[in-house]
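S.K.: my questions concern the predicted model and sequence given below.
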Amino acid sequence: MPINMNQSNSKLALGTVQFGLPYGIANQQGQVNTVEARKILEFAIRSGIDTIDTAIGYGNSEQCLGTIGVQNLNVVTKVPPLPNLINDVQSWVDTQFHDSLKRLNISKLYALLLHRPIDLIGRHGQALYRALLDLKEQGLVEKIGVSVYSPDELRILMPLFSIDIVQGPLNVIDRRLENSGWLGKLKDQDIEIHTRSAFLQGLLLMSKTARPEKFSTWKPLWNNWHNHVDSSGVDFEKFALSTSLSYPLSLSEVDRVLVGIDSCNQLESIIIASQQTNIEIPDVCCNDERLVNPANWANL
């Protein structure tokens, strides 16, 4: 299927953690080198992708992006968790922010998110929020927001703080953001929504034999997933890719769907898959945080 190179309104956004770290349970390539990263970015722009996501905590991802050049993209990055011992929150945030701009080689950000939003309800929460607002009021950041791991964080934070953008996990297995009603609530407040983990770190694209044994606790779920994909009669990985993308892309509340990339060929496959339509989404929803939150996988 040909790629629509003029798809300027694409909902896809490029996640770049692999540019700075060998990230992802299904990652076979390791950290993306600068040459491949440049090819990925150039192809993404030609394909209509206008937003990239990174973080100060993603190894040397920001440095890699700054070397390549991202001036023509909407750049989203994240402030790391507040240190345990901190006195001047404003100065710390300013230093983190300006060092980030320097690495990215840009003069301002599209969005600045908190990597640990629960810091907002700690004893330095008001100072942290004020520091983010100051950057926005100075015109250095267009939007401020949070990167959450579950709807529970939104339930705590949203009544207390006014934010512009929320990033959270959403995929065919982890539908908590939708089922909790938070997608609709956020959109009602004109908050921009970015979703990540469309492939659950690659688990959704793994064959039965490739998936680590520790995930066998959810064998009935995986059987349902594979039966659905296999019944299509199409190549497993291609159909799994299309089905995984179809769910978040089909939701009108979602503004951008982040996809992590290991290679330019992978990005091409993702873009082609994203253009598939009328795909049935199987009933493989799960709320077990041992599965849907990769931070818990080390303990399985």
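M.R.: Good, I have the coordinates. Predicted model only: the values in this text are computed from it and were never measured.

S.K.: where does pLDDT dip in the stretch 1-150 of the chain?
M.R.: 1-9, 22-30 (pLDDT under 70).

S.K.: which residues of it fall in helices?
M.R.: 34-46, 61-68, 89-104, 125-137 (DSSP state H, counting those that start in this stretch).

S.K.: residue 153: which element?
M.R.: Per DSSP states H and E, residue 153 falls inside helix 151-157.

S.K.: give the rounded mean pLDDT of that helix.
M.R.: The average of the pLDDT scores along helix 151-157 is 96.

S.K.: and it, what other elements does it pack with?
M.R.: Helices and strands touching helix 151-157, by 3 or more C-beta pairs under 8 Å, 6 or more residues apart in numbering; DSSP states H and E, are strand 165-169, helix 182-188. C-beta: built from backbone N, CA, C; applies to glycine.

S.K.: mind listing what's buried along that helix?
M.R.: Going by neighbour count (16 or more other C-beta atoms under 10 Å), the buried part of helix 151-157 is 151, 153-154, 157.

S.K.: which outside residues touch that helix?
M.R.: Applying C-beta atoms under 8 Å, 6 or more residues apart in numbering, the external contacts of helix 151-157 come out as 117-118, 120-121, 146, 148, 163, 166, 168, 176-177, 180, 182, 185-186.

S.K.: C-alpha coordinates for stretch 174-185, CSV please?
M.R.: Below are the C-alpha coordinates for stretch 174-185, written out as CSV (Å, rounded to 0.1, in the frame of the first residue of the first chain):
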residue,chain,number,x,y,z
ASP,A,174,-5.0,-1.2,28.4
ARG,A,175,-8.1,0.8,27.8
ARG,A,176,-8.3,2.5,31.3
LEU,A,177,-8.2,6.0,30.0
GLU,A,178,-11.2,5.4,27.8
ASN,A,179,-13.2,3.1,30.1
SER,A,180,-12.7,5.4,33.1
GLY,A,181,-14.2,8.3,31.2
TRP,A,182,-11.1,10.4,31.4
LEU,A,183,-10.7,10.8,27.6
GLY,A,184,-14.0,12.5,27.4
LYS,A,185,-13.5,14.5,30.6
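
S.K.: burial measure for residue 48, as a count.
M.R.: The tally of other residues near residue 48 (other C-beta atoms under 10 Å) stands at 17.

S.K.: for the helices and strands packed on helix 151-157, which one ends up most surrounded?
M.R.: Highest mean neighbour count of the helices and strands packed on helix 151-157: strand 165-169, a mean of 24 (counted as mean count of other C-beta atoms under 10 Å).

S.K.: and it, which strands flank it?
M.R.: strand 141-147 (parallel), strand 192-196 (parallel) (DSSP bridges).

S.K.: quick one: closest of the helices of the stretch 1-150 of the chain to residue 239.
M.R.: Smallest distance to residue 239 across the helices of the stretch 1-150 of the chain (C-beta to C-beta): 22.8 Å, for helix 34-46.

S.K.: quick one: contacts of that closest one?
M.R.: By C-beta under 8 Å, 6+ apart, helix 34-46 touches 5, 14, 16, 19, 32, 52, 64-65, 67-68, 70, 72-73, 261, 263-264, 267-268.

S.K.: at 10 Å instead, please
M.R.: 3, 5-6, 10, 12-14, 16, 18-20, 29, 31-32, 49-52, 60-61, 63-65, 67-70, 72-73, 259, 261-268, 270-271 (C-beta atoms under 10 Å, 6 or more residues apart in numbering).

S.K.: now swap in stretch 285-300 and tell me
M.R.: Looking at stretch 285-300 with C-beta under 10 Å, 6+ apart, the contacting residues turn out to be 23-25, 149-150, 152, 169-176, 178-180, 197, 200-201, 203, 212-218, 221.
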